[in-house]
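Peer 1: here is my input; please provide its structure:
(chains A, B and C)
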Amino acid sequence: MKQNKIKQGVITGLTFGLIFIFLILTGFTQVGSDMIGNLLGNFEKAGAENALPVINLILFTGLIGLLMGLSTSKANLSNTWLASLLNSILAGLIAGLLVGAVILVTGSFHSQGVDFRNYLPKLGSEQMNYLLHYTTPLAAGTTYLITSTVASLIGGAIGKAFRQQSWTAHSMTWTKNTVKNIGKKLKLGQSPQRKIITILGLIVAGGLLYLLPLVWGSYWNYTMGTVAIYILLGIGLNIIVGFSGQLVLGYVAFFATGAYTFALLTAPQPHAILMNVWLAVGISVIVSTLTGLLLGLPILNLRGDYLAIVTLGFGEIVRILIRSDLLTFLTNGPKGVTNVVQPSWLGKVFSDVNYTHFLFLLVLIALFIAKRLKDSRTGRSWIAIREDQTVAQATGINTFKSKLLALALGAALAGLAGALFASRNQFTGPEDFTLMVSVNVLCIVIVGGMGSLPGIVVGAMVLKGLPEILRELDDYRLLVFGALLIAMMIIRPQGLWPAKKVSLELQRKDSLGDNIQEVEP
Amino acid sequence: MINKIKELKITWGSAIRVIVGSVVAVYLIWRVVIITFGSGEFGPDTWVRFLITGLVIGGIYALIAIGYTLVYGILFMINFAHGEVMMLGTFAGYFVLEALSAMPAPGTDANINFLNAQPVLSILLTFLAGAGVSALAGYLLEKIAYRPLRKAPRLIPLISAIGASIFLQNAAQLLFGPQRRQYINPDLLWRGQGWMIPVSGKSVMLTYTGGFSFVLSILLMIGLFILVRKTKLGKSMRAVAENKQAAALMGIDVDSVISKTFIISGILAGSAGVMWGIHNGLFNHYVGFLPGIKAFTAAVMGGIGNIPGAMIGGMLLGLMESLGPALLGLDFQLKDVIAFAILIFVLIIRPSGILGEALTEEKV
Amino acid sequence: MKPPAIQTKNVTKRFGGLTAVDAVNLVVPESSISSIIGPNGAGKTTLFNCVSGFYTPEEGEILFFGEPIQGLPTHRICKMGIARTYQNIRLFKEMTAVENILVGQHCSMTNNWADAIFHDRRFRREEENALNTACELLDFIGLSGLGDSLALNLPYGAQRRLEIARALASHPSLLLLDEPTAGMNPQETEEMKALIKNLRDQLKITILLIEHDMRVVMDISDKITVLDYGVKIAEGIPSEIQNNDKVIEAYLGPGTAKMTEKLKQKNNNYA
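Peer 2: Here you go, the predicted model:
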């Protein structure tokens, strides 16, 4: 019994200790401390030895300790105060000892002049000094130990206090109920009211989408443009993966096809076709749709994960071919295509504001189309295929045709996104189309919520927008990304904004003017 | 009599397969003849060289492919991060070799480092480290990223695996830096040296590292085969692959069998990773990516879930990759394209692989 | 004379060395309720799968109102008018009940993706009709009001009935029911029996069912076919099957027919 009581603390301590060591070795402690420094405004280097403020690092350590304490208290809801705090202290001690030991060992080597940089590039001399708080290894190690323990204790106490109070639980349920009630009222209230609210909301949103690009400057226009392009890609892949359930990992191939078709048709090099921009966009969409059809014909009957790996292979083939000597005459090889034409309207080239507006408009249209497709015979057949392909076919759906249509539509959107991408960057090269693009888009679809259209917007904002804003974290973006994907699948596989079901039966009753009765299932 | 004729009923699908298959085969044979005797571009010695390269690399692919097949056979999931597990093994081996080369040998003069004083022991230690780290990585991977998703729809663990792959790749980059590193081999296994084999008047080199890798991969495969066929663990692995619930009812600890499967795959992948380092020398954190995907190709080609299939598939893929560009008259930079094209081709022509799938999934 | 709804001629299906269905001849007259019974592993579901197109029999012919259907893809067979349910319920779990029925109407609808995007009048009218039909079907199976809950949240009996509604939505002339009352309590079973009878009497649908519950089979079947080890061992009206020695032996083991005969005599003697 007693063993079980302290087990939680030991495990949490070990986990957090190892995570902290990992953060030290990847240099994140430095970045994290700098960010804290940014917040506190004491980022300036000071002192004779060009030292960074040590307090930031200690605060960072404390932050980790705090989190650790909170997570120990979470697991021991039924424990007494004493046991809970004991657990927190234990976790803090263990983590502190682990980290302290690492600091002690590396620090001692460092003070003897050993250079780790060859093997662990984030442990250079400067970083080591900072990690050692500009003191001796022993002193620094002890500081880590103390900070971790104290912070964990505080975290544990806070966590316990919050969980002890029944008011927190009460307020939680209260909030939930209120939200539910408001939702119910909005849903069940008279139709005219609901319509007015919807229309007002649309007007405000539309106004914001129009006004914001005018005021927020070119950096934001660029960022939000990227997000918009990824939303387009997300909508396309969502048709394939989210609606019809076919895991396609080579989506980038269609994106690349669109971008290259557009670039080669409009750029002066290497072909000098110099086609009209809008015509070229149309042709790009058609070409990538055809690519989708051609790829889909032989492979769409493959089982789920085979399909994934085949399409992944296809994506890589396209990229390798684009940059190979074999096709250099056509694609300009690894150098890529430069001076891709920007779109224009009535002889005027799009400014970045115009471009952002244009992209937003396209996103709205694409969302509208996808929404309408979803609530139709076509969309229902896709979702049926996703749920159970065998039964879907036995219910009369020509599954092959249906899947092919999904792939073609998805490819068309990717082609459009590709053409826009190339024209906005005025450049396209093979390295724009690595596997990571496919994975990124897939993550947008999944993090947002499979099959959910608002989810894609949220997903693209989170995955493409946030990293642009948090530039300091650029190096760690993919790392976090990977961890996020795993965590997401375990904690919330349905996504941030899961798809919502339309209440068709209720709608019909509404329109028939029947009495609304709610039946609890 | 009539029945027999009916049994030979030809369907469109099979007819197309046979026709395409034979056309390809005839074309390839014709290419070999043309290249060797017609244009004289490649002599027999070159073919032998390609053959050796292909077998060596094929052995490495086979080891990784077995990992995919084992896991797929049991969990029906593509362990997308398997290539990264191999990459961690490559790094572990590298660090051990670095440490050993910096260490003075006990009892001899200071000029000879431990690596060259005790080459056999050093190599053994390197492989132990590589296999150990990869086994640990595989074990943790399953425990953290896959186990909570055991009952989820099949897409979910695959995405988790993609996440794990991205995480591990970037963790390695952040920890060890993005630069390319080079394995230090003991003098006994120095890269670029080897036995000379005379072929039609010219001599072809079989490098020491190549021969070593090939023999070792064959030995590991035999070991695995014995493990799966003859031991109790192997029997319970096959039982779990067949039917998890029934296996659990028979008293088999399914979780532990799955963990052990990941450990075994990790050991094989780690060994493959160290072999890769010893044989090729240069590597960085991307080292696992392409071999990973290609090994999966190999596993599919041999028939997923089928261990001998994975071995044969790996060897075949290695051979096709080294012989393919020459056979098809393509540039060598397109060898990856060939590998992927083969994958697509195999899946279209014969989705169950060369030796057939060993899966027990209900089809309806 | 009009051909029967289903006629199988020497249908044989093998899995490797195992012959799951061995030269079975079966005739299902139009507007009848016919049952296939037999011990576990007798090949009942395999025969079902052959008729609904999941499997292609190695030998023999399956005629649906005189037209051969063996080897056709399942969606074509569905379109011709054969619908089915499954032994282990296979609804589209993440779709609502109404949506499940709407998917069932796939064949009888014609709008395509372009119509969906532009919402033309044809599309709107068709979708409205489909929704009306779906709600009527919900009413018919007694699930109105539950139409907007996800299929997986419905109670077990309701899921079974929803599966039938989905099958009915394709306006079939033949309905294959695979153990429609499996796992139901006596009351639900009675309701299901009434429902099946209704289907035949009101909607004039021919019904072929697999069932283990003998009370159901004997009560509602016009004709019963008994399979054992893939071979048809008996066929006839319920009272014939009840007293067929071969059937009793198939269920209870060899020699039991004689035993039951003796027991009956004994009972008679006592009486």
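Peer 1: make it CA atoms for all contacts and neighbour counts henceforth
Peer 2: Noted.
Peer 1: how close does the spatially most central residue of chain B sit to B:I78?
Peer 2: Centroid-nearest residue in chain B: B:Y61, 2.3 Å away (criterion: Cα atoms, centre = their mean). The gap separating B:Y61 from B:I78 is 16 Å, by Cα to Cα, to the nearest Å.
Peer 1: my guess is the residue nearest to the centre of chain B contacts B:K294. True?
Peer 2: Yes: taking contacts as Cα atoms under 8 Å, B:Y61 lies within contact range of B:K294: 7.2 Å.
Peer 1: let me see the contact set for the residue nearest to the centre of chain B.
Peer 2: Contacts for B:Y61 (Cα atoms under 8 Å, 6 or more residues apart in numbering or on different chains) come out as B:272, B:291, B:294-295, B:298, B:314-315, B:317-318.
Peer 1: at 10 Å what do you get?
Peer 2: Residues in contact with B:Y61, defined by Cα atoms under 10 Å, 6 or more residues apart in numbering or on different chains, are B:55, B:217, B:269, B:272, B:276, B:291-299, B:310-318.
Peer 1: which residues touch C:K197?
Peer 2: C:32-33, C:191, C:203-205, C:207, C:220-221.
Peer 1: quick check: phi and psi on C:L18?
Peer 2: phi -90, psi 130 (degrees, to the nearest 10).
Peer 1: contacts only, for the closest residue to chain B within the stretch 101-250 of chain C.
Peer 2: The minimum distance from the stretch 101-250 of chain C to chain B, using Cα to the nearest Cα, falls at C:D178 (14.1 Å). Remark: with contacts taken as Cα under 10 Å, 6+ apart, C:D178 is in contact with C:35-36, C:44-45, C:48, C:84-89, C:208-212.
Peer 1: mind showing which ranges of chain C have poor pLDDT?
Peer 2: C:1, C:271 (pLDDT under 70).
Peer 1: next, count neighbours for A:L18.
Peer 2: Under the neighbour criterion other Cα atoms under 10 Å in any protein chain shown, A:L18 is assigned a count of 15.
Peer 1: cool, C:T46 as well?
Peer 2: C:T46 - counted by other Cα under 10 Å - has 20 other residues nearby.
Peer 1: show the pLDDT at A:F43.
Peer 2: For A:F43, the model assigns a pLDDT of 57.
Peer 1: for A:V150, same thing?
Peer 2: Reported pLDDT for A:V150: 91.
Peer 1: distance of it relative to A:L98?
Peer 2: On the measure of Cα to Cα, A:V150 and A:L98 end up 15 Å apart.
Peer 1: right, and A:K464 touches A:T223 too?
Peer 2: Yes: using Cα atoms under 10 Å, A:K464 is in contact with A:T223, at 8.3 Å.
Peer 1: by residue count, which helix of the chain is the longest?
Peer 2: Chain wasn't specified; assuming chain A. For chain A, the helix with the greatest residue count under DSSP state H is helix A:81-111.
Peer 1: actually it's chain C I care about, not the one you picked
Peer 2: Max-length helix for chain C by DSSP H is helix C:121-140.
Peer 1: can you pull out the low-pLDDT segments for the chain?
Peer 2: Since no chain was named, I'll use chain A. For chain A (pLDDT under 70), the answer is A:1-5, A:42-51, A:74-79, A:163-172, A:179-192, A:194, A:471, A:510-521.
Peer 1: that's the wrong chain, I meant chain B
Peer 2: In chain B (pLDDT under 70), the answer is B:1-14, B:40-41, B:108-110, B:351-364.
Peer 1: need the helices for it, in chain order.
Peer 2: Using DSSP H, helices in chain B cover B:2-7, B:12-33, B:44-75, B:82-102, B:114-117, B:119-141, B:155-176, B:208-230, B:232-242, B:244-249, B:254-280, B:289-302, B:307-328, B:335-349.
Peer 1: sorry, back to before: can you pull the buried residues of the longest helix of chain C?
Peer 2: Across helix C:121-140, burial judged by 16 or more other Cα atoms under 10 Å in any protein chain shown covers C:123-124, C:126-127, C:130-135, C:137-138.
Peer 1: can you check stretch B:277-297 too?
Peer 2: B:277-281, B:283-289, B:291-297.
Peer 1: check contacts around the closest residue to chain C within chain A.
Peer 2: Using Cα to the nearest Cα, the single residue of chain A nearest to chain C is A:G396, 4.0 Å away. Neighbour list for A:G396: A:381, C:73-83, C:103-108, C:170 [criterion: Cα under 10 Å, 6+ apart].
Peer 1: surely it is in a helix?
Peer 2: No: with DSSP: H, G, I helix; E, B strand; the rest coil as the criterion, A:G396 is coil rather than part of a helix.
Peer 1: mind checking the SS state of the nearest residue to it once chain neighbours are set aside?
Peer 2: Excluding the flanking residues, the one nearest A:G396 by Cα to Cα, 6 or more residues apart in numbering or on different chains is C:H75, at 4.0 Å. C:H75 falls in the helix class when you classify it by three-state DSSP.
Peer 1: count the neighbours of C:H75 for me.
Peer 2: 23.
Peer 1: so how far is C:E94 from the residue nearest to B:L220 when sequence neighbours are not counted?
Peer 2: Using Cα to Cα, 6+ apart and skipping residues adjacent in sequence, the residue nearest B:L220 is B:L268, 7.5 Å away. The gap separating B:L268 from C:E94 is 40 Å, by Cα to Cα.
Peer 1: who has more neighbours out of these two?
Peer 2: B:L268 (30 against 18).
Peer 1: and the helices in the stretch 51-200 of chain C?
Peer 2: C:74-80, C:97-104, C:113-118, C:121-140, C:156-168, C:186-203 (DSSP state H, counting those that start in this stretch).
Peer 1: close enough to count as contact, C:I205 and C:L199?
Peer 2: Yes: using Cα under 10 Å, C:I205 is in contact with C:L199, at 6.0 Å.
Peer 1: with adjacent residues omitted, what lies nearest to whatever residue of chain A ends up closest to chain B?
Peer 2: Nearest residue of chain A to chain B (Cα to the nearest Cα) works out as A:G482 at 4.0 Å. Spatial nearest neighbour of A:G482, excluding adjacent residues (Cα to Cα, 6+ apart): B:G163 at 4.0 Å.
Peer 1: what residues does the one you found make contact with?
Peer 2: Counting by Cα under 10 Å, 6+ apart, B:G163 has contacts A:439, A:443, A:478-489, B:80-81, B:145, B:157, B:169.
Peer 1: okay, now C:K223: neighbour count?
Peer 2: 23.
Peer 1: and it, how far from C:T189?
Peer 2: Counting by Cα to Cα, the gap from C:K223 to C:T189 is 20 Å.
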